[in-house]
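Q: Show me the folded form of this:
(one chain, ligands or ions: 2)
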Amino acid sequence: MRVLSGIQPTGRFHWGNYFGAIRQYIALQENQQAFYFIADYHALTTIDRPETVRAVNETAFTPQRLTEYTREAAIDLLALGLDPKHATLFRQSDVPEVTELTWLLMTVTQMHLLEKCHAYKDKKDRGIPADAGLFTYPVLMAADILAYDSDVVPVGLDQVQHIEVTRDIAQRFNRIFDREVFVLPEARVLDQSAKVPGIDGQKMSKSYGNTIPVFDTPKKLRKTIMKITTDSTPVEAPKDPDTCSIFALYKLFADEEQQASLAARYRAGGMGYGDAKQTLYDAAMAYFAPAFERREKLAADPDQVEELLRAGAVRARLKAGEVLERARTACGLGSKSVSL
Ligand code: ADP
Ligand code: TRP
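A: Numbers count the residues shown, from 1 in each chain. Ligands and ions are numbered 1, 2, ... in the order given. Just a heads-up that it's a prediction; the model follows:
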């Protein structure tokens, strides 16, 4: 069975990305073939342009940042435990077979399928001119998935619609060309039931400017944690852990005993939110310490990371080339007649 997923390099990874997605990708690499890629072509659809409206505090998404975030994403994923011995990690744009397959799929993709997709609809509804890249984004995503004969695609709920579109496109291609060219993938919805809250209590997301990045320096991390919004219950008074973002975040790092112990300190009174924040900081530092250590080594050896991405792309291209050949033959293009 092959598992595949992609993650966009549109910012540095935050705790929401880690607990909501990355940690689960890493768990899945153990027992099956896993392909994970950094979706730089998809990220390209959100590079800033004159009509982009950004919230205050948000950093502009420039071509330089796309390069930087792609490089950092690879280092971060490896540091967090993605193991190239088990999983194939690569950059989406290193596999030209996928963009070629996108065109073949585009020729059988019905407009109404794309018109109902939310990324495009949301943008259009907000009056932002959407371009063809955003409109056809789901077809590129379908090619990403179908190019590797993927069986299972772990994604957040917001991406399930795109997997449905992928299945529709694959079925239509198979039907039109009367062959089982593509494997039909299944979505595996990631467990995001415990939405990770941001420092303002809303869902943590880079579009709300409320994130806690996984790999900030300890000093910056501490400063961010100290900014978590709380109510104004005085130090002496008992507090409710179940309505507090600090406690919700602490639960991600702590075992049941540790959770019960902090909950008891909340309920007893006499503990200020500053203390709870310090407890959260210590827990996060301890939890991510091995990843920080691995990250330091990886960051000191960019050539090694580049080599891993290259080796991943070679493996990915071998598989994608095989599937593309199948698709080309089915639709009458035949094998490529020129190879350089
Ligand atoms: P952002 O909202 O910061 O732009 P993305 O949409 O790039 O994040 O998310 C990448 C992955 O991380 C997705 O699978 C998404 O569902 C997951 N994710 C992001 N934020 C959270 C969160 N606060 N809680 C749980 N999962 C999250
Ligand atoms: N669109 C996905 C997201 O924003 C990223 C992505 C691109 C992806 N191609 C994919 C995810 C293929 C799974 C499979 O999160």
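
Q: how about L4, what does it touch?
A: For L4, the contacting residues are 34-37, 144-145, 148, 150, 152-153, 185, by CB atoms under 8 Å, 6 or more residues apart in numbering. In this view, the C-beta of every residue, glycine as well, is placed from N, C-alpha and C.

Q: does ligand 2 sit close to whichever helix or strand it is part of?
A: Following DSSP states H and E, one finds L4 within strand 2-7. Yes - if you take CB under 6 Å from any ligand atom as the test, strand 2-7 does meet ligand 2, through 4-6.

Q: From ligand 2, how far out is A132?
A: A132 sits 17 Å away from ligand 2, going by CB to the nearest ligand atom, to the nearest Å.

Q: go on, V155?
A: Applying CB to the nearest ligand atom, the value for V155 to ligand 2 is 5 Å.

Q: beta partners of that residue?
A: On the basis of DSSP bridges, V155 is bridged to V189.

Q: Could you report the neighbour count for it?
A: 21 (other CB atoms under 10 Å).

Q: And for T136?
A: Neighbours of T136 (other CB under 10 Å): 20.

Q: check contacts around it.
A: Shown in contact with T136 (CB under 8 Å, 6+ apart): 102, 106, 109, 114.

Q: rewinding a little: highest neighbour count among the contacts of L4?
A: Of all the contacts of L4, the most densely surrounded is I145 (29 neighbours; neighbours counted as other CB under 10 Å).

Q: where does it land on pLDDT?
A: Per-residue confidence (pLDDT) for I145: 98.

Q: ok, residues contacting the helix or strand where Y120 lies?
A: Taking DSSP H and E as the definition, one finds Y120 inside helix 118-125. Contact with helix 118-125 is made by 114-115, 130, 134-135, 137-138, 158, 161, as judged by CB under 8 Å, 6+ apart.

Q: Alpha carbons of that helix, as PDB, please.
A: Provided in PDB are the C-alpha atoms of helix 118-125 (Å, rounded to 0.1, in the frame of the first residue of the first chain):
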ATOM      1  CA  HIS A 118     -13.800  25.800  -2.300                       C
ATOM      2  CA  ALA A 119     -10.300  27.400  -2.600                       C
ATOM      3  CA  TYR A 120     -11.400  29.000  -5.900                       C
ATOM      4  CA  LYS A 121     -14.900  29.800  -4.800                       C
ATOM      5  CA  ASP A 122     -13.800  31.400  -1.600                       C
ATOM      6  CA  LYS A 123     -11.400  33.700  -3.400                       C
ATOM      7  CA  LYS A 124     -14.000  34.600  -6.000                       C
ATOM      8  CA  ASP A 125     -16.600  35.200  -3.400                       C
END
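
Q: Tell me the one among the residues of strand 2-7 next to ligand 2 nearest to E58.
A: E58 lies nearest to G6 out of those, by CB to CB, at 22.7 Å.

Q: my guess is that closest one meets A39, correct?
A: Yes - in this structure, G6 is within contact of A39 by CB atoms under 8 Å, at 3.9 Å.

Q: Common neighbours of these two, please.
A: Counting by CB under 8 Å, 6+ apart, the contacts common to G6 and A39 are 92, 144.
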